[in-house]
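Novice: mind looking at a prediction? Sequence and model below.
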Amino acid sequence: MATVQIIISAVLALAVLSGISMMSKVGSAVRGNLLSALAMLVGVVATLWFSGVVSAWTIYPSILVGALIGGFMARRVQMIQMPQLVALFNGLGGGASALVGVLSATQAGFSEEQLAAITDNGYMPFMLFTSMLAIAVGMITLVGSLIAAGKLHRMLSQKPVIWSGHSLLTMIFLSLTIAFIVTGTFDGKVIIIVACIITSSLFGLFFSIRVGGADMPITISLLNSLSGVAGAIAGMAISDIFLVAVGGIVGASGLLLTQIMCRAMNRSLINILVPRVPRKAPCTVNETDNSEENKELITRVMKLEERIKQLEAIVAQLEDRVKVLDGQIEAAPAVSGDAPSADKVLAAAKRVIIVPGYGMALAQAQHKVKQLAELLESRGTEVRFAIHPVAGRMPGHMNVLLAEADVPYEKLYEMDQINDDFKNVDAVVVIGANDVLNPAARNAEGTPIYGMPVLSVDEAPEVVICNFDLNPGYAGVENPLYTRDHGVYLELGDAKETLQRLIAGVTTR
């Protein structure tokens with residue numbers, strides 16, 4: 001029977017891997033998702049069968065309730081809420097693994113014969129160790145994911161929350177958790193299990209609360225990896241081969257994705273999980289005097305100058321709109337009819353790159369983006385989408401939103417594929433993105449984004465920016481692209497409304 005179980009588990013694990021591989025291609029992504037889901041369903045049934053609990057009718061109401069909740073959430077949750085849902089799923093996976101660890105550590109449900117066999121085989125210390133480890137990793141994942149979901153849903157502050165003695169307390173809770181894991185390996189008393197739950201939960205709280213909203217894609221990827229690791233460890237505790245295999249797959253893939261995203265941001269995972277307080281800085285400072293007072297004064301002056309330029313640009317745009325609304329456009333000088341505008345630039349462009357960001361998600365403007373792209377393509381314009389690896393609030397956030405709007409996947413390009421093309425296009429349309437295209441990342445030393453690879457939007461001759469306002473992005477670094485004296489058109493406000501104005505303007509050209 002054990003051999004058959006191992007063979008079935010191996011086949012199902014390969015099916016899960018095949019499904020993940022199929023998800024990397026647009027044409028087979030849906031089938032890959034279904035294959036992985038089917039493999040997991042068969043794995044659950046096989047586990048119940050080999051465990052001899054298929055006849056235990058009390059488990060089926062729980063399965064039914066879980067299935068109904070899952071179906072309800074799948075139908076009701078909107079695409080913009082997907083990051084929160086992913087974070088919640090990670091947390092549920094960690095919580096389930098922790099629960100398995102608790103039941104295994106307390107030896108609940110084991111018969112006397114099973115306990116005797118475990119003891120005689122010398123398996124008890126390993127079972128207790130993996131159980132305690134599953135509890136710790138599972139609770140860290142659960143609490144960390146709940147904090148992440150709260151930040152993403154704006155129930156908690158999206159800014160890093162750093163309390164007094166934060167780093168010290170974090171290390172204390174981690175050390176205590178490790179101590180309780182070791183202690184529980186030799187004596188799995190309930191008090192030790194409870195203490196491990198408390199300290200690991202507090203560690204999960206302290207490590208996740210200090211991560212800002214803009215770093216959530218990497219945090220969610222890490223928590224996804226931890227949920228898989230917790231599942232694999234729980235599988236070791238209860239000798240479930242399939243759970244070990246699938247947990248290992250999830251853990252490894254999540255960790256690989258985390259490393260890729262950290263590399264894309266040119267930041268270490270420690271730097272993201274233990275952030276320093278952001279220091280706002282201009283792009284360049286002519287430091288002719290080394291005194292701190294003069295440096296601070298120069299910085300303030302440059303910021304004021306940048307803000308004045310931004311306000312002047314806004315005032316000019318507002319004046320133009322007022323003239324149009326009042327029917328005074330005819331009274332303007334003849335040369336003003338030839339003045340460039342965002343819709344005129346897009347109407348004349350033959351090659352356009354669209355850069356979506358978190359603002360598109362907040363405004364739920366993905367369908368307007370698709371409408372603008374189709375309008376431009378109907379006029380013979382080549383339209384492509386540039387996707388930064390950490391745009392949005394979860395891995396693949398922009399891809400998911402654009403897929404919801406039925407934007408063809410082959411039109412989406414990763415940063416490395418398209419970054420050299422910005423200087424060769426006629427125009428770029430930015431929708432709710434800031435830090436991922438901020439050229440200050442190349443030279444603003446001491447800022448959170450310094451050294452982070454960014455989209456080379458500033459190399460494009462014409463840039464249309466559809467952002468809500470001109471405030472700095474999450475990193476708090478002023479974007480010099482906003483104050484460029486040529487080829488930048490600011491369409492401020494709700495992205496859905498500004499895109500509708502652009503669509504109307506291009507249509508009349």
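Specialist: Sure, I can see it.

Novice: what about the host helix or strand of Tyr413, distance to the chain center?
Specialist: Counting by DSSP states H and E, the element that carries Tyr413 is strand 412-414. From the chain centre to the centre of strand 412-414 is a distance of 17 Å (C-alpha atoms, centre = their mean, to the nearest Å).

Novice: where do the strands of the chain begin and end?
Specialist: 351-356, 382-387, 412-414, 427-431, 463-466, 488-490 (DSSP state E).

Novice: low pLDDT regions in the stretch 1-150 of the chain?
Specialist: For the stretch 1-150 of the chain, the stretches with pLDDT under 70 are 1, 26, 109-111.

Novice: dump the residue contacts of Val100.
Specialist: By C-beta atoms under 8 Å, 6 or more residues apart in numbering, Val100 lies in contact with 134, 138, 234, 237-238. Any C-beta I mention is one placed from the backbone N, CA and C, and that applies to glycine too.

Novice: neighbours around the residue lying closest to Phe186 once chain neighbours are set aside, how many?
Specialist: In space, and not counting its chain neighbours, Phe186 is closest to Pro125: 7.0 Å by C-beta to C-beta, 6 or more residues apart in numbering. The tally of other residues near Pro125 (other C-beta atoms under 10 Å) stands at 12.

Novice: ok, Ile178 next?
Specialist: Counted with other C-beta under 10 Å, the neighbours of Ile178 add up to 17.

Novice: surely Arg31 and Met22 touch.
Specialist: Yes. Using C-beta atoms under 8 Å, Arg31 is in contact with Met22, at 5.9 Å.

Novice: and the two? which has more neighbours close in?
Specialist: Higher neighbour count among Arg31 and Met22: Met22, with 18 against 13, using other C-beta under 10 Å.

Novice: quick one, what contacts the one residue sitting closest to the centre of the chain?
Specialist: Nearest to the geometric centre of the chain sits Met394, at 1.6 Å (C-alpha atoms, centre = their mean). By C-beta under 8 Å, 6+ apart, the residues touching Met394 are 82-83, 86-87, 152, 216-217, 220-221.

Novice: can you redo the residues you listed as CSV with neighbour count and distance to Ile272?
Specialist: Output for these, formatted as CSV (neighbours: other C-beta atoms under 10 Å; distance: C-beta to C-beta, whole Å):
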residue, neighbour count, distance to Ile272
Met82, 20, 21
Pro83, 26, 16
Val86, 24, 18
Ala87, 28, 16
Leu152, 24, 16
Met216, 28, 10
Pro217, 25, 10
Ile220, 30, 12
Ser221, 27, 11
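
Novice: for those, which one is nearest Glu410?
Specialist: Closest approach to Glu410 among the contacts of Met394 (C-beta to C-beta): Met82, at 22.0 Å.

Novice: which residue sits closest to that closest one, ignoring its sequence neighbours?
Specialist: Val400 (5.8 Å).

Novice: how close does that neighbour get to Glu374?
Specialist: Separation of Val400 from Glu374 (C-beta to C-beta, to the nearest Å): 20 Å.

Novice: of the two, which one has the most company?
Specialist: Just comparing Val400 and Glu374: by other C-beta under 10 Å the higher neighbour count belongs to Val400, 18 against 14.

Novice: mind listing what's buried along stretch 392-411?
Specialist: With burial defined by 16 or more other C-beta atoms under 10 Å, the residues of stretch 392-411 counted as buried are 392-405, 407.

Novice: and stretch 350-369, by the same measure?
Specialist: 351-369.

Novice: picking that back up, ok, the residue nearest to Met82 to Ser225 distance?
Specialist: Per C-beta to C-beta, Val400 is found 19 Å from Ser225.

Novice: same deal with Gly188?
Specialist: For Gly188, the distance to Ser225 equals 27 Å [C-beta to C-beta].
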